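[1] What follows is a protein structure lacking sequence information:
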Ligand SMILES: [Zn+2]
């Protein structure tokens, strides 16, 4: 395999009609309706759902991190190139439009059009599960990216989510416990809610 992936992920993905599979080199991908995935999480009780969200984040950090290590090898550890490859790949996979900013030792990620928030909202409405930040897979991928860039373990929190009525999702990755949502001076301090949401 070429050490530098000149092509974007969406151009490298190949469909294997014989096996009914999508691949980027050795890595298989799955195309899945977001409401199918997120609707399953709506069916869980609150404690189990929290556990599954955290497990999803950790699994994406581990296994999505494998894709990240492949990107990193392709760009010889160049941080800017790794960030660009990750953001491009997120869009190519249908994970929305990502924007990353450095905030001191922390990284702030905003995501527009998260499929997880959209899938959550499309899967129904339930007073017991509405109002949550639901983009756990993005948390996991950001943890993998932030850890690769910082060289130390990074914790990620989703401070605001489109599933809560915000215009975009906002995450922060930090080496120490991240600031609480809504605190003065926290990242993503300009909250934007869509009309019709009251939370
Ligand atoms: Zn979200």
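    All right, it came through fine. What you see is a predicted model, and the numbers here were worked out from it, not measured in a lab.

[2] Skip the chain neighbours and tell me the closest residue to residue 129.
    Closest residue to residue 129 apart from its sequence neighbours, by C-beta to C-beta, 6 or more residues apart in numbering: residue 42 at 5.3 Å. C-beta here means a position set from N, CA and C on the backbone, and glycine is covered the same way.

[3] how close does the one you found sit to residue 126?
    Summarising the geometry, the distance separating residue 42 from residue 126, computed by C-beta to C-beta, to the nearest Å, is 6 Å.

[4] center of the chain - which residue?
    Centre of the chain computed as the mean C-alpha position; nearest residue by C-alpha atoms, centre = their mean is residue 138, 1.4 Å away.

[5] That residue falls within a helix, correct?
    Yes. The assignment for residue 138 is a helix, going by DSSP: H, G, I helix; E, B strand; the rest coil.

[6] Pull the number of nearby residues for residue 131.
    A count of nearby residues for residue 131, using other C-beta atoms under 10 Å, gives 13.

[7] got the residue ranges for the helices in this protein?
    Read by DSSP state H, the chain holds these helices, from start to end of the chain: 9-12, 34-42, 46-59, 65-74, 79-92, 115-122, 136-150.

[8] Give me the more crowded residue out of residue 42 and residue 126.
    Each of residue 42 and residue 126 had its neighbours counted (other C-beta under 10 Å), and the higher figure belongs to residue 42 (19 against 9).

[9] buried set for stretch 100-120?
    Of the residues in stretch 100-120, those with enough neighbours to count as buried (16 or more other C-beta atoms under 10 Å) are 100, 106-111, 114-120.

[10] pLDDT score for the residue nearest to the centre of the chain?
    Among the per-residue scores, residue 138 shows a pLDDT of 98.

[11] what residues are up against it?
    With contacts defined as C-beta atoms under 8 Å, 6 or more residues apart in numbering, residue 138 is in contact with 90, 95, 96, 109, 111, 114, 116, 158, 169, 171.

[12] okay if I get these as a markdown table plus distance to the ion?
    Converted to a markdown table, these look like this (distance: C-beta to the ion, whole Å):
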| residue | distance to the ion |
| --- | --- |
| 90 | 13 |
| 95 | 11 |
| 96 | 9 |
| 109 | 10 |
| 111 | 7 |
| 114 | 5 |
| 116 | 6 |
| 158 | 6 |
| 169 | 3 |
| 171 | 8 |
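
[13] For those, work out which two are farthest apart.
    Pairwise distances across those peak at 14.8 Å for 90 and 158 (criterion: C-beta to C-beta).

[14] Comparing those two, which residue is more hemmed in?
    Applying other C-beta under 10 Å to residue 90 and residue 158 shows that residue 158 carries more neighbours, namely 29 against 22.

[15] in the chain, which ranges drop under the pLDDT threshold?
    Under the criterion of pLDDT under 70, the regions of the chain flagged as low confidence span 1-5, 176-199.

[16] I'd say residue 46 and residue 129 touch.
    Yes. The criterion here is C-beta atoms under 8 Å, and residue 46 meets it with residue 129 at 7.3 Å.
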